[in-house]
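Novice: Provided below are the primary sequence and the corresponding predicted coordinates.
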Amino acid sequence: MVKLILKNRLFKMVACDPSGQPLYQIRSRPFSPQKVIAANHHGILYYTDIIGSEASSASADEPASHRYIVCRGSREAEPVITAAIGYEVSSGRKDVRHFPYKLPRAERLNIQIKDPGQSGVTIRMERDGSCRIYNRQNQTVGTLSGYRPFQGYALESSSIADGGLLCALFVLTRYMAKENELIVV
């Protein structure tokens with residue numbers, strides 16, 4: 001089982017083991033959604049980015065969505081993870097309004113991992129901001145706690161042994177959380 005504690009630092013996040021030893025860094029690029037995940041002594045492991053889709057593919061009840069990708073080693077490499085956003089399904093009640101009156105809530109990421117030994121997983125976001133990672137059999141294989149002041153995020157998984165890959169999944173959950181924010185211009 002892999003357990004990481006993610007803490008905010010100046011211009012980056014640091015993933016530590018439970019004893020507080022720094023293992024990974026998540027750095028941002030200026031004015032870009034791209035993130036870089038690096039091991040402390042092994043250089044850059046993964047790049048994450050958001051790929052937009054065409055607005056013509058959006059339905060009347062669902063906005064145009066984005067795909068999230070994770071590349072190993074360099075930005076030009078073939079993605080090892082692709083993720084698509086799943087939106088909350090309306091309950092069928094008459095008082096539930098649809099898009100564009102009420103924006104749909106991004107509630108899950110459907111993730112395809114192209115590494116041997118791994119398969120597709122689903123990350124479902126709870127209302128309190130925490131997330132659960134499910135395998136194809138719908139069993140919980142990992143958790144991400146909501147942000148706790150002075151403690152950061154707690155991330156753990158029983159099926160994903162690569163801590164850098166867990167940090168990349170953490171970044172994808174932060175991308176999904178941003179989908180629910182209302183932009184006012």
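Specialist: Nice, I can see it.

Novice: Now do the strands in this protein.
Specialist: 2-9, 12-16, 22-28, 35-39, 43-52, 66-72, 79-87, 106-113, 121-125, 131-134, 140-144, 153-157 (DSSP state E).

Novice: mind listing what's buried in the fifth one?
Specialist: Which is strand 43-52. 44-50 (16 or more other CB atoms under 10 Å). Glycine gets a C-beta too; all of them are placed from N, C-alpha and C.

Novice: do you know how far Ala84 is from Ile123?
Specialist: 11 Å (CB to CB, to the nearest Å).

Novice: Neighbour count for those two, which is higher?
Specialist: Ile123 (22 against 14; other CB atoms under 10 Å).

Novice: Show me what the closest residue to the more buried one other than its chain neighbours bridges to in the sheet.
Specialist: Excluding its sequence neighbours, the residue lying closest to Ile123 (CB to CB, 6 or more residues apart in numbering) is Leu109, at 4.4 Å. When bridges are called by DSSP bridges, Leu109 pairs up with Ile85, Ile123.

Novice: okay, now Leu109: neighbour count?
Specialist: Considering only other CB under 10 Å, Leu109 is surrounded by 24 other residues.

Novice: That one touches Tyr87, doesn't it?
Specialist: No. The pair Leu109 / Tyr87 is not scored as a contact, 11.1 Å apart, by CB atoms under 8 Å.

Novice: Right, I'll call it a day here.
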